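Participant: structure for this input, please:
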Amino acid sequence: MKALLMMILSVLIISINAQTIAEPPINFLDEDGGTAVNPYLIATLANLRWLSETRQYWGSPRYNGGIGIKYYYKQISHIDATETTGWNNGIGFEPIGLTNFFPAVGMETEFWSEYDGGKFTISNIYMNPLLNSGLFGATWGGSNIKNVRLENIIIDIDFVNSGGYGALIGEAMDTTIINCSVSGSINSTVPGGYIGGLIGMGLRVSIEKCYSEVTISSSGGSNYCIGGLVGFLRQSDHLINSYYYGNINVQNPGSNIGGLVGRLASTRVEFCYVAGEGLFNNVDKFIGTIFIPQPPIPHSAIVRNNFWDTATTGITGFSYIEIEDETIHNNFAKSTYEMKQISTYIEYGWDFVNIWGIDQLINDGYPYLLLSPPTTICSDITIQKITKIYAFPNPFNPETSINFSISKASNIQIDIYNIKGQKVRSLVNREYAAGEHNVIWNGTNDKGNNVSSGIYLYKIESGEYSAIKRMSLIK
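Facilitator: This is a model prediction of the structure:
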């Protein structure tokens, strides 16, 4: 009898856990759910986990008799994924879509569908993957990924690897990526891998109006390719109107390491820039290597009208294959002052009416993308927008002022995190009147001890709205 009761209890526990893991999206039971007109709605972390761990709804032909089915997903609220740190025995969040690029290792399938992030955030995802990582491990079959906002994603790579690692997508094939942003860190302590802030490796993809603020660190020996936005991009349509603003620290230099892209082949790259918060380590090229076919086959890379801040990145050149012809030209190193002047860009066709903006109080004064805030289809969700968020001075020593503006009286919470996503200081959590405010951080933790030099994140929250930005403490 006791054994039977234990068996029943075990089944109940498994059932409860399964419901927690596989909670369906809001309209999952609708007959026409998952269509473009009636997409599956992702409102909670449980919904997101359901999508990541229920493979038959990725649309892959592996689960549909050899035919790819395009499902549609729509995120409708902000999602805090902090608890993923403890998921799957320390591996963390399981990517949406694995891969069959390397079938010998037993990976199962890939994402063949459309995910619209609705311009809502997914914050604080943790991953320690065995192979391929990102919110999406692998995408294929005409997938569309758009309007995704990933904040403070942390990816630790400490298994010997040969896959793709990016905050948004590990490996993307036949995929359109538009209007997406990512921040956080990717840390590799093993050799190998294609590592990019946005995507690790791309084949036949289109990337437009995206940016990465992901810090990339590699200390485990030689790497295949590392880039601020993309590790390896080939045979693709375009990478346009996008930028990387962050830090890359590579212990072992190589030719396939670039501030924007590590290795490039047969792709159009235009209207992009790279800037940083400190000199990049062992990254001295805007694009690491451009692959050029042997004559008489003409090279098909088009790379033009791009810029990088030579002062804040240390990037000294364009590519290890230096070319200046009708398809690869107008790629410039500029000073920090020049990078923050609209006149630098408009001469070369940058659109500062519909795509780009420039403001000394936004994005540290560098050009920013005119990405509109999220709009909700849930009438009971009210978002308190916070504007003019910036830290000054930045970099700083010994203290900095975190400035913000609110349109109505609201409770404001500001917390300080280190680059690993660990909270070091709860700065404020109280009501503020409408208007402009500032909070001083003196570089100490909750115990009153001085923190070390480095990059820190400050997270500001009010109701359903939150934002994470970077600052550097230099001693």
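
Participant: in the stretch 1-150 of the chain, which spans are helices?
Facilitator: 2-21, 45-53 (DSSP state H, counting those that start in this stretch).

Participant: worst average pLDDT in the ones you listed?
Facilitator: Mean pLDDT values for these show the minimum at helix 2-21, a mean of 37.

Participant: residue 401: how many residues sit nearby?
Facilitator: 15 (other CB atoms under 10 Å). To be clear about C-beta, it is placed using only N, CA and C from the backbone, and glycine gets the same treatment.

Participant: per-residue confidence for it?
Facilitator: 93.

Participant: adjacent strands (with direction) for the stretch of helix or strand it belongs to?
Facilitator: Under the criterion of DSSP states H and E, residue 401 resides in strand 400-406. Pairing partners of strand 400-406, with direction, according to DSSP bridges: strand 386-392 (antiparallel), strand 435-441 (antiparallel).

Participant: ok, which of the ones you listed comes nearest residue 215?
Facilitator: strand 386-392 (16.5 Å; CB to CB).

Participant: what residues does the closest one touch?
Facilitator: 361-362, 364, 400-407, 412, 436, 458, 460, 462, 465, 467, 469, 471 (CB atoms under 8 Å, 6 or more residues apart in numbering).

Participant: 6 Å instead?
Facilitator: For strand 386-392, the external contacting residues (CB atoms under 6 Å, 6 or more residues apart in numbering) are 361, 400-406, 462, 467, 471.

Participant: so residue 425: helix, strand or coil?
Facilitator: Here residue 425 is recorded as strand under DSSP: H, G, I helix; E, B strand; the rest coil.

Participant: that one: what's it in contact with?
Facilitator: Contact analysis of residue 425 by CB under 6 Å, 6+ apart lists 416, 445-446.

Participant: for these, which one is nearest residue 337?
Facilitator: Nearest to residue 337 among the contacts of residue 425 is residue 416, at 29.5 Å by CB to CB.

Participant: SS state for the closest one?
Facilitator: Once three-state DSSP is applied, residue 416 turns out strand.

Participant: which residues touch it?
Facilitator: 424-425, 427, 456, 458.

Participant: circling back to that earlier point, quick check on the contacts of strand 386-392: which are buried?
Facilitator: With burial judged by 16 or more other CB atoms under 10 Å, the buried subset of these is 400, 402, 404-406, 462, 467, 471.

Participant: apart from its neighbours in sequence, what residue is nearest residue 254?
Facilitator: Among residues not flanking residue 254 along the chain, residue 222 sits closest, at 6.1 Å (CB to CB, 6 or more residues apart in numbering).

Participant: on the pLDDT front, check that neighbour for me.
Facilitator: pLDDT for residue 222: 70.

Participant: returning to that earlier point: adding distance to residue 202, write the contacts of strand 386-392 out as a markdown table.
Facilitator: Formatted as a markdown table, the contacts of strand 386-392 follow (distance: CB to CB, whole Å):
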| residue | distance to residue 202 |
| --- | --- |
| 361 | 33 |
| 400 | 37 |
| 401 | 40 |
| 402 | 36 |
| 403 | 37 |
| 404 | 36 |
| 405 | 38 |
| 406 | 39 |
| 462 | 36 |
| 467 | 28 |
| 471 | 31 |
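
Participant: which one among these gets closest to residue 33?
Facilitator: The nearest member of the contacts of strand 386-392 to residue 33, counting by CB to CB, is residue 467 at 32.1 Å.

Participant: wait, that closest one sits on residue 459?
Facilitator: No. At 7.3 Å, residue 467 does not count as touching residue 459 under the criterion of CB atoms under 6 Å.

Participant: centre of the chain to stretch 239-259, how far?
Facilitator: Taking CA atoms, centre = their mean, to the nearest Å, one finds stretch 239-259 lying 14 Å from the centre of the chain it belongs to.

Participant: looking at strand pairing, list the partners for the residue nearest in space to the middle of the chain.
Facilitator: In the chain, the C-alpha nearest the mean C-alpha coordinate belongs to residue 182, at 2.4 Å (CA atoms, centre = their mean). Beta-bridge pairing for residue 182 (DSSP bridges): residue 150, residue 212.

Participant: that one against residue 150, yeah?
Facilitator: Yes. If you go by CB under 6 Å, residue 182 and residue 150 touch, sitting 4.4 Å apart.

Participant: and for the two, which residues touch both?
Facilitator: With CB under 6 Å, 6+ apart as the test, residue 182 and residue 150 both reach residue 167.

Participant: quick check: which ranges of the stretch 301-450 of the chain have low pLDDT?
Facilitator: 322-326, 372-385, 419-421 (pLDDT under 70).

Participant: can you map out the strands along it?
Facilitator: All strands of the stretch 301-450 of the chain, identified by DSSP state E, counting those that start in this stretch, fall at 302-309, 328-334, 356-357, 368-369, 386-392, 400-406, 410-418, 423-432, 435-441.

Participant: returning to what we had before: between the strand holding residue 401 and strand 423-432, how big is the angle?
Facilitator: 40 degrees (axes from the mean of the first three to the mean of the last three CA atoms, to 10 degrees).
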